[in-house]
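Enquirer: no sequence for this one, just the structure:
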C-alpha cells in the first residue's frame, strides 16, 4: 500500500481491465514521456518505455467535451512531460498497460485528479488503493461542483459512455459517431490521434501495431 496523501485543503472499458485487481508490489522512479488522456500516460522507467493506466480512477473520454480535454490537461499539469514520478503497481490490463498509482513528490496524482473533479473513482476496481482517500476526494469535488460534477449528479460516467449509456444532460449525450463501430479502420482514415485512442479502448487493438498501448502514433 502506498503512503497516504493528504487531500485536505484543497478505463478503459470494464472488459479491458484485469478481473483480479493489482497488487502494488513494484515501485520505482520514472520520467514522463507523454500524456494520452486523463487516465493514461507513458513513462521511461529504467530505460524502458511503459504505458501507465492510472489505477482506481476513470477519466472522461476525449469525446465527452469539454471534460475529456480538461481531464487530460489536468494530468499534464500534475505529471508534465519531463517530470520525475514514482510508479507504484505491477498488474497489466488487456492492452499490456501497467495499472498503477502515480506519485509526484508527496502528491498522489490519481487522488488529486479525483479531488479536482477531473476523474471519477472507479469503485469496481478500487481494491488495492486507499479507499477512504479516493472517496473523500470525490466527495470534495462533488460538494464544490468541480469539473465532472459541474452538472447536477455528475456527467455521464465514462464506463457508461463507452457502453453507449444514456446521458444526464444534452452536453454529454453520446454522439452516434462515438458509438462502438463495426468493421476495421486504418490509421490514415481515423482522422485524429484522440479518435484513434477511443477506437483502441473500444477494442480495435490492431491499431496499436507495436503493442505499446498507443494507437496510430503517426497521427500525433
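Expert: It's in. Computed from a predicted structure; not experimentally measured.
Enquirer: so who does residue 30 touch?
Expert: The neighbours of residue 30, taking C-beta atoms under 8 Å, 6 or more residues apart in numbering as the test, are 43-46, 50, 84-87. C-beta here means a position set from N, CA and C on the backbone, and glycine is covered the same way.
Enquirer: worst-scoring helix or strand of the protein, pLDDT-wise?
Expert: Least confident helix or strand, the chain: helix 187-190 with a mean of 73, by mean pLDDT, DSSP states H and E.
Enquirer: Return the mean pLDDT over the next helix-or-strand element following that one, rounded to an integer.
Expert: Toward the C-terminus, helix 187-190 is succeeded by helix 193-201 as the next helix or strand (DSSP states H and E). On average, the pLDDT along helix 193-201 is 77.
Enquirer: by contact count, what packs against the least confident helix or strand of the chain?
Expert: For helix 187-190, the contact count by 3 or more C-beta pairs under 8 Å, 6 or more residues apart in numbering; DSSP states H and E identifies helix 193-201 as packing neighbours.
Enquirer: which other helices and strands contact the helix ranked longest in the chain?
Expert: Of all the elements of type helix in the chain, the one with the most residues (DSSP state H) is helix 131-144. With contacts taken as 3+ C-beta pairs under 8 Å, 6+ apart, helix 131-144 sits against helix 109-115, strand 120-121.
Enquirer: Torsion angles phi and psi at the residue lying closest to residue 184 once chain neighbours are set aside?
Expert: In space, and not counting its chain neighbours, residue 184 is closest to residue 206: 6.8 Å by C-beta to C-beta, 6 or more residues apart in numbering. Reported as degrees, to the nearest 10, the phi and psi values for residue 206 are phi -70, psi -20.
Enquirer: Check residue 76 too.
Expert: In terms of degrees, to the nearest 10, the main-chain angles of residue 76 are phi -60, psi -40.
Enquirer: Give the full set of residues in contact with it.
Expert: The contact partners of residue 76, by C-beta under 8 Å, 6+ apart, come to residue 35.
Enquirer: Recalculate using a threshold of 10 Å.
Expert: Taking C-beta atoms under 10 Å, 6 or more residues apart in numbering as the contact definition, residue 76 lies against 32, 34-35, 38, 41, 83.
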